[in-house]
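K.L.:
let's see this in three dimensions:
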Amino acid sequence: MSGIEMGALVLRQGDLPALSLLGGLWRASLGGVLFALLVWGVCRSLPRLPAATRFWLWWLVSAKLLLGLFYTAAALPLVLRLPASHPVTAPAFFVARLAAHPTRLLTTRSAARPPVGSFAVPAAAVPSIAAPRFPTDPSPSVLPNADGSRSRAAGESGVGIAAGAARSQGPSGATRTAMWIVAFCWTAGFLLRVARMAHASHAARLLLRGATPASETVRGEADRIARRLTGRRRPAPRIVVSDQIPSPFIVGLLRPVIVLPTSTLSLPEIRMALAHELAHLGRGDLWLSLVPSLAEAIFFFLPVARWSARECALCREEACDSAAVAYLGTDWLAAYGQLLLKVTLASQRRGQTVPTIGMAITTSPAFAQMRRRLQAIKNAATQPASPRLRGIAALLIAVCVPALLPWRLRALPRNHGTPPLSLAASAVRLPQYAVVDLGTLGGKFSDAYAVGEDGTVVGTANVFPLGVRGHAFLWDRDRRGRGAADSRMTDLCAGSVYRHSLAYAINASGQVAATAFNSPLKPSAFVWTPDSGGLRRYLGALPGFRYSRAAGINSSGTVVGTALRGDGAAGRAVPMRALVWHNGSVRDLGTLGGAYSAAMAVSDSGAVVGKSDVSPVSLRGGGTHATLWKPGAARGLDLGTLPGGANSAASAVNRLGEVVGYSETADAARRAFCYSGVALEDLGTLPSVDPERVSTSTALGINDAGWIVGASSLVPRRPAATLTRRIPLSVSPPSRAVVWVPTQGASGGPRRLVDLNDCLSAGSGWTLETARAVNNRGEIVGVGQVRGRRHAFLLVPIAPKAALP
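P.N.:
The predicted structure follows:
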């Protein structure tokens, strides 16, 4: 796996199952081996530990294997953060989770450069990706510099992330073939194990069919023992006798059955055997044994899995032996030992293939296990565990339980109370980004509008190769969608009568705020919920309004947008009022004095941002200003404009109440702004060297760490009188996707503007045009050009770059 994790990748979409399987088995096996060595050392250091404690320790080894595989597959590592004075670099292991479309190549810049400054993206900000599509071009690319000139990026040799070696062409055909052969062998081995278990279960059912009920004497004895050992008032389970078995055992998860040999045991021996089997029932061994059995089946190639399953079985029998002798009394010790020898030798001679929990287990050589079990019975009867030893045993189990989870120790900067993507004051260090092509629903165009904290992306994508009809989509890295065959897109409007739709926002619960259109100017707002089975809940509009458009949603399910009033003559809609849908009701947010307002986003605290006319004359050319509607406020707050500007609009708000958007300025240019409670801050633009063109910028998204994303473009200079009154929430290409990052370790301070195209690897083939949203893990979505088409993208941080000057 190291070669895949450390080098560049050329993986097909179909390679992902094998890659994910092998990676999960590898990581889970490594964690299980280390945990098994720890348990073995504890058991060797404390040989007098009770058998029940040793059983739980070895049972936790099997559970560690299963949970390690599950957490790796689900990408749910738990991070234990420790303060540190050194920069924290993002690990490269997650790159092995990326898969690409055939003929597409991901190359990465070297991460072996000396660290500059004290900031690096924390590892917690790096997600695992299940099946993204990487659009890259093997040919070298020439990226623009900050001053507008174009030159090949320095140091772009395609070096692997961790290795720092020369350009790698990723897994060869032989490597890919070997990967699939290993995955096939594991699948065959696992299915063989499952088939054996199924065969043994079928044999047990056949055996029970031929068995006969036990006598009333045996039933009565079993009831008395059951009440004593299990602590339950209900009678013992069903007891049958069979001449097909040499040793007693208990079987059945939901309906346990104790099976006794027909003629090989005397009545006192039957009593001892019942005490042993009922001890299993009281301990819950029938259910607990599923974990080591499943771990042994999945990790059949791993000796540690078989070792832990064998130790679980031996410790389980030793614990039941001790419980049976404790019930019978020490006078029965010799007789009980003779019974163990008798049934074990009988089982070795005849064999016992059914999946049982009984006195005679065959997981190790008979004499070795007998010596160990007899010694354990003797120790338990003559030298019972002291309270101190019992306390040590309980402490060991309590300490080992947290080790089941896949903890990863990661250091944080000294100022570890800041949001996860904060920057140190000495320098700005951006991560290297991998770009994921989100594809389409069958057409040529797609655009991403929002990204959730788990990396789920929503937007719109063309459905057909020809035309402009698009449907709202949800892209989920962890499952295959219901869209195109080679994508992970889900078409949120599949089967709908609406011709066009867009998904604008998604919350932590996976609810999507979207808008569908019967015609270009007749929208209907709706919410799509993951557990709704694909149904859409249409929200309606304000009284007196015909249409509605949803633009944002927060964690409580509050949706914001705009109500639109239809023109009776043309049947067309005109934007009119900002509104909020909450708990089945709809509320008009009003305006700043004019007739027009629109809500664009809502925070988890209920703060709504958008734009509004400032006076009734706005419809005839007056100003429209960015607006903040605070929770509980009767009227929106006018955020104003940048100096000299007439219009502005707010597009996003974060948890801290910081608002971003864009405003006109005195030189008739559009500039991105950030509002932190005092006044609008001009965020600046990329530099322009063309005197006939002016550089503009737009801020469209912000996360809780203060990272702002948007676009910067060059437009012809024009007088202010020719500007349109309202500023649309869109960016016209050509433009460059940009990010503004704080430079003082926290949100609210100065920010540095960076072209996101400079954060891609050489030869990516992408031109990122607009960045629309960023989550708290540093993942950015938007739209860009690749191979002559505009596609939605997802940027995933891989490793930090050198500090920017």
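K.L.:
distance check, W766 against V435.
P.N.:
Distance, W766 to V435, using C-beta to C-beta, to the nearest Å: 5 Å. (Each C-beta comes from the backbone N, C-alpha and C, glycine too.)
K.L.:
over to C312?
P.N.:
47 Å.
K.L.:
show me where the chain has helices.
P.N.:
2-6, 16-45, 51-74, 173-209, 216-229, 267-283, 285-288, 290-298, 303-328, 333-350, 366-382, 387-400 (DSSP state H).
K.L.:
ok, which of these comes nearest V527?
P.N.:
Of all the helices of the chain, helix 51-74 sits nearest to V527, with 26.1 Å by C-beta to C-beta.
K.L.:
pLDDT averaged over that closest one - what is it?
P.N.:
Throughout helix 51-74, pLDDT has a mean value of 82.
K.L.:
could you give the angle of that helix to helix 16-45?
P.N.:
160 degrees (axes from the mean of the first three to the mean of the last three C-alpha atoms, to 10 degrees).
K.L.:
helices or strands up against helix 51-74?
P.N.:
If you count contacts as 3 or more C-beta pairs under 8 Å, 6 or more residues apart in numbering; DSSP states H and E, helix 51-74 packs onto helix 16-45, helix 290-298, helix 303-328, helix 387-400.
K.L.:
one step back: of all the helices of the chain, which lies closest to G677?
P.N.:
Across the helices of the chain, closest to G677 is helix 51-74 (C-beta to C-beta), at 39.6 Å.
K.L.:
check which residues of the closest one are buried.
P.N.:
Neighbour counts over helix 51-74 (16 or more other C-beta atoms under 10 Å) mark 51-69, 71-73 as buried.
K.L.:
can you pull the alpha-carbon coordinates of that helix into PDB?
P.N.:
Extracted C-alpha coordinates of helix 51-74, given in PDB (Å, rounded to 0.1, in the frame of the first residue of the first chain):
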ATOM      1  CA  ALA A  51     -10.200 -16.400  32.900                       C
ATOM      2  CA  ALA A  52     -13.200 -14.100  32.400                       C
ATOM      3  CA  THR A  53     -10.800 -11.100  32.300                       C
ATOM      4  CA  ARG A  54      -8.500 -12.800  29.800                       C
ATOM      5  CA  PHE A  55     -11.600 -13.700  27.700                       C
ATOM      6  CA  TRP A  56     -12.600 -10.100  27.500                       C
ATOM      7  CA  LEU A  57      -9.100  -8.900  26.600                       C
ATOM      8  CA  TRP A  58      -8.900 -11.400  23.700                       C
ATOM      9  CA  TRP A  59     -12.400 -10.600  22.700                       C
ATOM     10  CA  LEU A  60     -11.500  -7.000  22.400                       C
ATOM     11  CA  VAL A  61      -8.700  -8.000  20.000                       C
ATOM     12  CA  SER A  62     -11.300  -9.400  17.600                       C
ATOM     13  CA  ALA A  63     -13.500  -6.400  18.100                       C
ATOM     14  CA  LYS A  64     -10.600  -4.200  17.300                       C
ATOM     15  CA  LEU A  65     -10.100  -5.900  14.000                       C
ATOM     16  CA  LEU A  66     -13.700  -5.500  13.000                       C
ATOM     17  CA  LEU A  67     -14.100  -1.900  14.200                       C
ATOM     18  CA  GLY A  68     -10.800  -0.900  12.600                       C
ATOM     19  CA  LEU A  69     -12.100  -2.200   9.200                       C
ATOM     20  CA  PHE A  70     -15.500  -0.500   9.700                       C
ATOM     21  CA  TYR A  71     -14.000   2.900  10.700                       C
ATOM     22  CA  THR A  72     -11.500   2.800   7.800                       C
ATOM     23  CA  ALA A  73     -14.300   2.000   5.300                       C
ATOM     24  CA  ALA A  74     -16.500   4.700   6.800                       C
END
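K.L.:
and the angle for that helix with helix 267-283?
P.N.:
Using the same axes, to 10 degrees: helix 51-74 against helix 267-283 is 40 degrees.
K.L.:
where in the stretch 651-800 of the chain is pLDDT low?
P.N.:
By pLDDT under 70, the low-scoring segments of the stretch 651-800 of the chain are 668, 718-733, 745-748, 799-800.
K.L.:
quick check: V614 touching T624?
P.N.:
Yes - using C-beta atoms under 8 Å, V614 makes contact with T624 at a distance of 7.1 Å.
K.L.:
look at these two and report which has more neighbours.
P.N.:
Using other C-beta atoms under 10 Å, the more surrounded residue of V614 and T624 is T624, with 25 against 22.
K.L.:
mutual contacts of V614 and T624, please.
P.N.:
Both V614 and T624 are contacted by G594, under the criterion C-beta atoms under 8 Å, 6 or more residues apart in numbering.
K.L.:
quick check: P213 vs S242, distance?
P.N.:
Distance of P213 to S242, given as C-beta to C-beta: 11 Å.
K.L.:
what's the answer for L49, then?
P.N.:
36 Å.
K.L.:
so between those two, which is more surrounded?
P.N.:
For L49 versus S242, neighbours defined as other C-beta under 10 Å are more numerous around L49 (20 against 15).
K.L.:
where among the helices and strands packed on helix 51-74 is the average confidence lowest?
P.N.:
helix 387-400 (a mean of 72).
K.L.:
helices and strands around it, which ones?
P.N.:
Counting by 3+ C-beta pairs under 8 Å, 6+ apart, helix 387-400 packs on helix 16-45, helix 51-74.
K.L.:
angle of the longest one against helix 290-298?
P.N.:
Relative orientation of helix 16-45 versus helix 290-298 (the same axes, to 10 degrees): 130 degrees.
K.L.:
now helix 16-45: buried residues?
P.N.:
Under 16+ other C-beta under 10 Å, the buried positions of helix 16-45 are 16, 18-29, 31-33, 35-36, 38-40, 42-43.
K.L.:
list the contacts for W59?
P.N.:
Applying C-beta under 8 Å, 6+ apart, the residues near W59 are 288, 291-292, 308, 312.
K.L.:
what subset of those residues is buried?
P.N.:
Applying 16+ other C-beta under 10 Å to the contacts of W59 flags 288, 291-292, 308, 312 as buried.
K.L.:
and those, which is closest to V451?
P.N.:
Checking the buried ones among the contacts of W59 against V451 with C-beta to C-beta, the nearest one is V291 at 36.9 Å.
K.L.:
which one is that closest one nearest to, not counting chain neighbours?
P.N.:
Nearest non-adjacent residue to V291, counting by C-beta to C-beta, 6 or more residues apart in numbering: S62, 4.9 Å away.
K.L.:
the one you found and D285: what is the separation?
P.N.:
Applying C-beta to C-beta to S62 and D285 gives a distance of 14 Å.
K.L.:
which residues are in contact with each of the two?
P.N.:
Joint contacts of S62 and D285 (C-beta under 8 Å, 6+ apart) do not exist.
K.L.:
hmm, back to that, can you list the helices of the chain in a markdown table and add distance to G645?
P.N.:
A markdown table is the format used below for these (distance: least, C-beta to C-beta, whole Å):
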| stretch | distance to G645 |
| --- | --- |
| helix 2-6 | 50 |
| helix 16-45 | 49 |
| helix 51-74 | 48 |
| helix 173-209 | 56 |
| helix 216-229 | 83 |
| helix 267-283 | 75 |
| helix 285-288 | 69 |
| helix 290-298 | 63 |
| helix 303-328 | 67 |
| helix 333-350 | 89 |
| helix 366-382 | 84 |
| helix 387-400 | 62 |
